[in-house]
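# below is the sequence, then the predicted model.
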Amino acid sequence: MRVALFTETFLPKIDGIVSVLLLTLEHFQRRGVETVVVAHERGVREYAGARVIGVPGFPAPFYPELRLGPPHMGTYAQVKRFQPDIIHLVHPVIVGLGGMAIARVLGTPTVASYHIDLVRIAHFYRFGFLEPLAWWWTRVSFNRADVALAPSRLVQNDMLAHGVRRVGLWRRGVDAEKFNPRYRSDAMRAALSDGHPEDTILLYVGRVSVEKQIEQIRPVLEQVPGTRLAVVGDGPHREYLQGYFAGLPVKFMGYLTGEPLSQAYASADIFTFTSALETFGLVVVEAMAAGLPVVSARVGGVADVVEEGVTGYTFPVNDTAGLVAGVRAIVSEPGRRARMGMAARAFAETQSWPAMMDELLDVYRALLDKQRRD
């Protein structure tokens, strides 16, 4: 099988979309699937055996880490030479729109997967007048694909309710070996707690940006005695947050990768997630795999993975009282944190990436079978 992946974002940028793409490419390599990636030119030529076809672009004025610019005739020529069986559009916007046009010319079946919550982004940044346009584009672009895939039931239901006709699920998984309680480290716990390992360590992992609403964790620190916060990640909101949390028990760890990241997850006590918008929230299931109970806003795929009172607690977006109540419920009873952490780990062990990626390959095969029958 030969697959061309068209994506709006790729290495060297690291975010949830890129993380899923890298795991996908690694899995395809193991399964013998030949792959090319079409993405904006950033100097990356190959990953996991997949060649990267660069598309010229310029930095987005509102988000310089992203680039803008459509594929061109040279892109078309390279994709045509590759002769893909499937073209997979990773949330088609600009690069994906070009991929859709190329697929139509080549007669190649298409899969479009949902990764960016454009509607909630518009709402969060007070561009609510753009929400109808965002839903129109989502409906048009995903209905043009032969198969549309959502990452969670919440997103799937939203897409169906707004006129996307065929929506399947491409669920998210976790590497339960990489994120594992065995990585617990006294040294890392001391670093996360700024030398106070006896306290209850709340952990946030992810991009440090406005929509993650990390400042909403402050009431927990003020109202639940003995709690501290460790923030793993970086981003444009970090400087503001360092001032906002000044004088409170908060440690900014910066970016962590590899074993240090595994140690950070496993050495904390509770994962707290206040994000206003997510399509899934990979970090939540990573924390569960590391043995942490979760207290999270009800966004993305959180409701699919967190069982209330068993593996964690969820609350409506912006409900800081619900966040405080969830953390307090976990710390108020001796042994509850450990029991919930064990249950979280047990659930995460059932959510392997290979199984989720094989489900995607099954979608490809079904689409190719349908094409042959037609």
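Yep, that arrived.

# how's this protein carved up into domains?
Per automatic domain parsing, the structural domains of the chain span 2-173+352-373, 181-348.

# what's the least confident stretch among those domains?
Between the domains of the chain, the one with the least mean pLDDT is domain 2-173+352-373; it has a mean of 92.

# chain center to that one: distance?
When C-alpha coordinates are averaged (CA atoms, centre = their mean, to the nearest Å), domain 2-173+352-373 and its chain have centres 14 Å apart.

# same question, stretch 266-279
The chain centroid and the centroid of stretch 266-279 are separated by 12 Å, computed with CA atoms, centre = their mean.

# now mean neighbour count too, for the domains of the chain, in JSON lines please.
C-beta coordinates here come from the backbone N, C-alpha and C atoms, glycine included. Shown next, in JSON lines, are the domains of the chain (neighbours: other CB atoms under 10 Å):
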{"stretch": "domain 2-173+352-373", "mean neighbour count": "18"}
{"stretch": "domain 181-348", "mean neighbour count": "19"}
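
# mind listing what Asn318 touches?
Gln213, Gln216, Ala276, Ala297 (CB atoms under 8 Å, 6 or more residues apart in numbering).

# distance check, the nearest residue to the first one once chain neighbours are set aside against Gly57.
When the adjacent residues along the chain are set aside, Gln213 lies closest to Thr274, with 4.4 Å between them (CB to CB, 6 or more residues apart in numbering). Taking CB to CB, to the nearest Å as the criterion, Thr274 is separated from Gly57 by 32 Å.

# what ranges do the helices span in the stretch 1-150 of the chain?
Ranges of helices within the stretch 1-150 of the chain are 16-30, 73-82, 95-106, 118-124, 131-144, based on DSSP state H, counting those that start in this stretch.

# adding distance to Trp170, write those out as JSON lines.
Shown next, in JSON lines, are the helices of the stretch 1-150 of the chain (distance: least, CB to CB, whole Å):
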{"stretch": "helix 16-30", "distance to Trp170": "9"}
{"stretch": "helix 73-82", "distance to Trp170": "22"}
{"stretch": "helix 95-106", "distance to Trp170": "15"}
{"stretch": "helix 118-124", "distance to Trp170": "18"}
{"stretch": "helix 131-144", "distance to Trp170": "13"}
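
# looking at the ones you listed, which is nearest to Arg2?
helix 73-82 (6.5 Å; CB to CB).

# report the angle between the closest one and helix 95-106.
Put simply, helix 73-82 runs at 50 degrees to helix 95-106, going by axes from the mean of the first three to the mean of the last three CA atoms, to 10 degrees.

# for helix 73-82, enumerate the helices and strands it packs against.
When contacts are defined as 3 or more CB pairs under 8 Å, 6 or more residues apart in numbering; DSSP states H and E, helix 73-82 packs onto strand 2-7, strand 34-40, strand 50-55, helix 95-106.

# now the second one against strand 2-7, angle please.
This means strand 34-40. Between strand 34-40 and strand 2-7, the angle comes out at 20 degrees (the same axes, to 10 degrees).

# relative to strand 34-40, what are the paired strands and their orientations?
strand 2-7 (parallel), strand 50-55 (parallel) (DSSP bridges).
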